[in-house]
Structure formats: structure tokens, C-alpha cells
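S.K.: how does the following fold in three dimensions:
(one chain, ligands or ions: 1)
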Amino acid sequence: MNLQDLIDLKTKALAEAEAAGSADALEAVRIAYLGRKGLLPEIMQQLRDVSPEERPQFGKTANELKNELSDIIKSKQSGFSSCASVGVGFDLTQPGQWQGLGTRHPITQITDRIVRIFQTLGFTVADGPDIETVWNNFDALNTPADHPSRDEQDTFYLKNGDLMRCHTSPVQVRYMMENKPPIRIISPGRCYRRDTPDATHSANFHQIEGLYVDEQVSLADLKGTLSYFARELMGPDVKVRFRPHFFPFTEPSVEVDFTCHVCHGKGCRVCKNSGWIEILGAGMVDPNVFSAVGFDQSNLSGFAFGMGIERITMILYGIHDIRNLYENDVRFLSQF
Ligand code: DAH
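M.R.: Coordinates of the predicted model:
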């Protein structure tokens, strides 16, 4: 064997070691070259037959072969044995596979944002059940016996006479029955109505209810609180408009509009050229509600408000069909 043969052999041996795909294959390479009856001991014996000019370089190359091959075998052996110790046949040195990261549902994200804004004002979260009594959902909220929302065509009734709450307002009733003023609560939750599903209606949707009861709470407090909320949610330039309205459980009642987030009040297709978008209902708690929950109203007053979370989510994200929020299509959800 001359020097060139040895150099070729070295290249071949290192390549074989690199290519070995299992502990057994690697051991076979080791035995073939480094074993007692392997090629390398045999080559060393031939050293004296090599011409004196090539001999130093031949010896050096043979040593390199031995050392480099041993290094490769040693490092690959430890990789194979750690595979064996976790009981799997894969190569732990391979890069991992990206599993993808989940995100919270847009409804959850917006709910959390709204709740956090009110928490900075000292409101705490209170919740109530989806199944309610007629009394909590309607009677205690001063809703007249002939109010259309009580109709079976609008509200889901259960066989036992209870119902699926059609708004989050009954949480007010529950909370006032169990707690004394001052009260500052915010109550997100699911609501149910017999609506035919379309781009803006769903039989199951979400609302957030707010209630503040104390001595000397005024309409000015309501306006200040909701104006702060509007700026925190939409940005510092938003304007807020209060329009007289009617709700059975508040007197006076208002509907609250924010300036359109698309045209900022100039008028566009989204706000039907009015410059305003209706966001929520609110008002001063009706004395009849205080009576229903047994509060002495002579020195108490309060405000309440309620808003639809889907509507606000759709406005903030520019979603045009409410059904996108319920279909759980990952292509849609992964955008948020
Ligand atoms: N419950 C009303 C609805 O479902 C929303 C609402 C309006 C809640 C005024 C309130 C309120 O607490 O004061 O449309």
C-alpha cells in the first residue's frame, strides 16, 4: 500500500463512519478499521515496507485516520445511546418540529381587554349562571308582564319555567341580593335569544354588564366612566354621544355612540354616513330595581350599562359576519 492508497482509505473510512445510521452499523465500521484484526493494525505492520521517503507522511496519515475515525465514532456513539435511553429510534441531534402556537379566541381577547379597563377603575368581576329565573331576568329588572322580550318567540324557556338569560343584567340582581353597596361590578357572559342566525345575529352571543351603586352616583359619573372606557378602548381621539332611550331597568336611559372608527366622524359606508356607531345601552338604576332587591333607596343611586361583545369585536377587527366567530375555522382564528 502506498501513501495515496492510505489517503483514499482514510477518506472512505471517515465517510463510512459518518454515514452509519445505527449503533450496530457504527460498531461494524469500528471493527473493520480499528478492531484487533482490522485494517489499521494491518497497515501499521506494513509501515516498514513503505519507501523511506513516504514513510514519515504515511505514518502521520495513519495516525490521523485512527484519531479522526475514533472521534467520529465516539461522538456518534453517545448520540445513539441517548436515543436508546429514551427508548426511541430517532436522532436527537435533528432540529425539532414546530408545533404551532395557539391563540385566544377574539371574543375572549376583547372581553379581557374590556374587563381590564373597568378593573383599573376599581370594578371587580362578578358572574351568574346562563340558566336564570324569570324573576332575575325580567321581574326584578322592572320588565312589565307584557314586555315583548318575555315572549316565547324571543326567549328560550325551559320545561321547569326557568329560561336561558337573554342579557347579563340578571347578574346585577343576583349581586345586589347578596352584597351591600358600594358596588362596582363588571360581568361578562353568554346570553341567548331566539334570533335567526345571519351576518349580525346569533342565538347565542356575549354581553358585558356593568353596575355601580353608592351614595350620590350621578349621570355625570356614568358619562365620565363611559367616556374613559371609550378612550381606553378606541384611542384618545374618540368622541362619545349619549342619546335618550328607554330600558325598563334604568331611568333615565341612554344609548351610547362612539365616533366611527373607520372615518373618525366624517361619515362613511360603515357608519351609514352618520359618523357614529352605536356601542352600548346604559342608564341610572331604576328605583323599582332597588326595591326588588331590598335596597333602601333614600340615599342610594347607581348606574348600569350593558354591551354586546361580538359587536365590539367585529368593529375593532373589521369582521363582517358574526358567524366567523363561531365556526372555529383555524384559518380565521389564527389571524388574531
Ligand atoms: N340589557 C340590555 C340589552 O340586553 C343592555 C343594557 C342596557 C344593560 C342598559 C344595562 C343597561 O345594564 O343599564 O340590550
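S.K.: can you tell me which residues contact the residue of the stretch 1-150 of the chain found nearest the ligand?
M.R.: The ligand sits closest to L141 of the stretch 1-150 of the chain, with a gap of 8.0 Å, by CB to the nearest ligand atom. Placement of C-beta: from N, CA and C, glycine included. For L141, the contact set (CB atoms under 8 Å, 6 or more residues apart in numbering) comprises 169-170, 172-173, 248-249, 289, 292.
S.K.: secondary structure class for Q57?
M.R.: Secondary structure assignment for Q57 (DSSP: H, G, I helix; E, B strand; the rest coil): helix.
S.K.: go ahead and confirm it touches L3.
M.R.: Yes. Taking contacts as CB atoms under 8 Å, Q57 lies within contact range of L3: 5.8 Å.
S.K.: neighbour count: these two, which is higher?
M.R.: Each of Q57 and L3 had its neighbours counted (other CB atoms under 10 Å), and the higher figure belongs to L3 (17 against 13).
S.K.: what is the burial count for the nearest residue to the more buried one once chain neighbours are set aside?
M.R.: Using CB to CB, 6 or more residues apart in numbering and skipping the chain neighbours, the partner closest in space to L3 is E54 (4.7 Å). Using other CB under 10 Å, E54 is surrounded by 14 other residues.
S.K.: same question for P41.
M.R.: 13.
S.K.: now do the helix or strand harbouring it: which elements does it pack against?
M.R.: Element membership for P41 (DSSP states H and E) is helix 39-45. The criterion is 3 or more CB pairs under 8 Å, 6 or more residues apart in numbering; DSSP states H and E, and the helices and strands that helix 39-45 contacts are helix 3-19, helix 23-34, helix 55-85.
S.K.: give the buried residues for it.
M.R.: Neighbour-count burial for helix 39-45, counted by 16 or more other CB atoms under 10 Å, picks out 40, 43.
S.K.: what does stretch 143-150 contact?
M.R.: Residues outside stretch 143-150 that contact it (CB under 8 Å, 6+ apart): 134, 138, 154-155, 166, 248-249.
S.K.: ends of stretch 30-43, what's the gap?
M.R.: One end of stretch 30-43 sits 15 Å from the other (CA to CA, to the nearest Å).
S.K.: show the pLDDT at P41.
M.R.: Note for P41: predicted pLDDT of 89.
S.K.: dump the residue contacts of it.
M.R.: Counted by CB under 8 Å, 6+ apart, P41 has contacts G35.
S.K.: same thing with P252?
M.R.: 219, 244, 283-284.
S.K.: check R193 too.
M.R.: 154-156, 166, 203, 205.
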